[in-house]
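1. Build me a structure from this.
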Amino acid sequence: MTDLNKTPVTIVTGFLGSGKTTLISHLIRNAGGRRLAVVVNEFGTLGVDGEILKGCAIPDCPEENIVELANGCICCTVADDFVPTVEALLAMEPRPDHILIETSGLALPKPLLKAFDWPAIRSRITVDGVIALADAEAVAAGRFAPDVAAVDAQRAADESIDHETPLSEVFEDQISCADVVLLTKADLAGPEGIAAARAVIAAEAPRPLPVVEVTEGAVDPRVILGLGAAAEDDIAARPSHHDGHDDHEHDDFDTIVVELGEVADMAALCAKIEQMARDLDILRVKGYVAVTGKPMRGLVQAVGARVRHQFDRAWKPGEARQTSLVVIAEHDRIDEAAIKAALGL
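-> Numbering: from 1, shown residues only. Sure, this is the predicted structure:
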């Protein structure tokens, strides 16, 4: 049982674009009377996820309870960012009943679990559970499968998946550390894709894990909050590719911010992003869009060549109307000049 004197923390992890922000937005709106706090770890300098969540703020999770950590991967900046942030949240009056941590898509959960043993916080918080989100369509496609033979059978023509990649290791470590796996975007995968994704997760998991299909982040909070896992005391059962290493690097990934000013046509910009993702192997694009003549701010999010956009709120008085996009790719694929050219700069 969880020590009632400790504040429970839920770590929400998952690959880029798997739906973490959507899930946490749902939990904020359906907290069941819990006073929540949220820590958002951005990969890049643009606080898109934090802005989205602050837009969901309610009395049980006011805006001041939503904190962004934008100085790098949370599992690499424990002393500088994570521990002081947790201490500040625990000092709030009233103190949060539950803390949600949205890791960056590249974060490894195990080093973060080890941070809960830091003297300043170990007697005051506990990891209620680690929730891993897995994009059903991506998993079904075999992009992160550890079994090369199975991957070859599914996508024999794709040479990029006949060996281990940094992306696959991130995915595997997140599944290995999880208490519950949420299978997101199941509607895009279809029944056969869902079955394939479940098989990949079962093969990768070091122990039987509950796998729950989720659409648009809508899951009963009782399924993932209040698990009482005390995961910080169960680290040995959560294997990692980085076991035996004191730290890890994210040199395999890089990020740039592209400023575009105002754009004439949101759909045309999304078409450019889609083509850029295909041509330049871009993993993720997210950011804000200023559309000429539109009073609302645009929000664009892309996972590979799958691009979604919407208008999220009106531009604030005095706010600079500009288009700012974070672009993330593997280190050897990030070509700033080519990216800017693809976006029309």
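2. and the gap between the residue nearest to D335 when sequence neighbours are not counted and V289?
-> Nearest-residue entry for D335: L280, 6.5 Å, with adjacent residues in sequence omitted and distances by CB to CB, 6 or more residues apart in numbering. C-beta: built from backbone N, CA, C; applies to glycine. L280 is 20 Å from V289, where distance means CB to CB, to the nearest Å.
3. Between the two, point out the one with more neighbours.
-> Between L280 and V289, counted using other CB atoms under 10 Å, V289 has the larger neighbour count: 24 against 16.
4. Look up which helix or strand the more buried one falls in, please.
-> Here V289 sits within strand 284-291, counting by DSSP states H and E.
5. going on from the worst-scoring helix or strand of the chain on mean pLDDT, what's the next piece of helix or strand?
-> When each helix and strand of the chain is scored by mean pLDDT, DSSP states H and E, helix 148-154 comes last, with a mean of 33. Next helix or strand after helix 148-154 toward the C-terminus (DSSP H and E): helix 166-177.
6. what about that next one, average pLDDT?
-> Average pLDDT, helix 166-177: 79.
7. Show me the helices in the stretch 101-250 of the chain, by range?
-> 109-115, 136-140, 148-154, 166-177, 186-204, 221-224 (DSSP state H, counting those that start in this stretch).
8. Can I get these in JSON lines including distance to E330 and mean neighbour count?
-> Output for those, formatted as JSON lines (distance: least, CB to CB, whole Å; neighbours: other CB atoms under 10 Å):
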{"stretch": "helix 109-115", "distance to E330": "21", "mean neighbour count": "21"}
{"stretch": "helix 136-140", "distance to E330": "15", "mean neighbour count": "26"}
{"stretch": "helix 148-154", "distance to E330": "18", "mean neighbour count": "15"}
{"stretch": "helix 166-177", "distance to E330": "7", "mean neighbour count": "23"}
{"stretch": "helix 186-204", "distance to E330": "21", "mean neighbour count": "17"}
{"stretch": "helix 221-224", "distance to E330": "31", "mean neighbour count": "16"}
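9. Excluding chain neighbours, what is closest to A136?
-> Closest to A136 by CB to CB, 6+ apart is A189, at 3.8 Å.
10. same question, D281
-> Distances taken as CB to CB, 6+ apart put R333 closest to D281, at 4.6 Å, once the chain neighbours are dropped.
11. Just list the residues touching the one you found, thanks.
-> By CB atoms under 8 Å, 6 or more residues apart in numbering, the contact set of R333 is 280-282.
12. before we move on, what about H309?
-> By CB under 8 Å, 6+ apart, the neighbours of H309 are 266, 270, 289, 298-301.
13. Within the helices and strands, which one has it?
-> strand 306-314.
14. Let's have the contacts of R333 in CSV, adding pLDDT.
-> What follows is those, written out as CSV (pLDDT from 0 to 100):
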residue, pLDDT
L280, 89
D281, 82
I282, 83
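15. out of these, which one sits closest to V257?
-> Nearest to V257 among the contacts of R333 is I282, at 13.6 Å by CB to CB.
16. residue contacts, that closest one?
-> So I282 contacts 276, 302, 304, 327-329, 333, 339 (CB under 8 Å, 6+ apart).
17. Narrow those residues to those in strands?
-> 302, 327-329 (DSSP state E).
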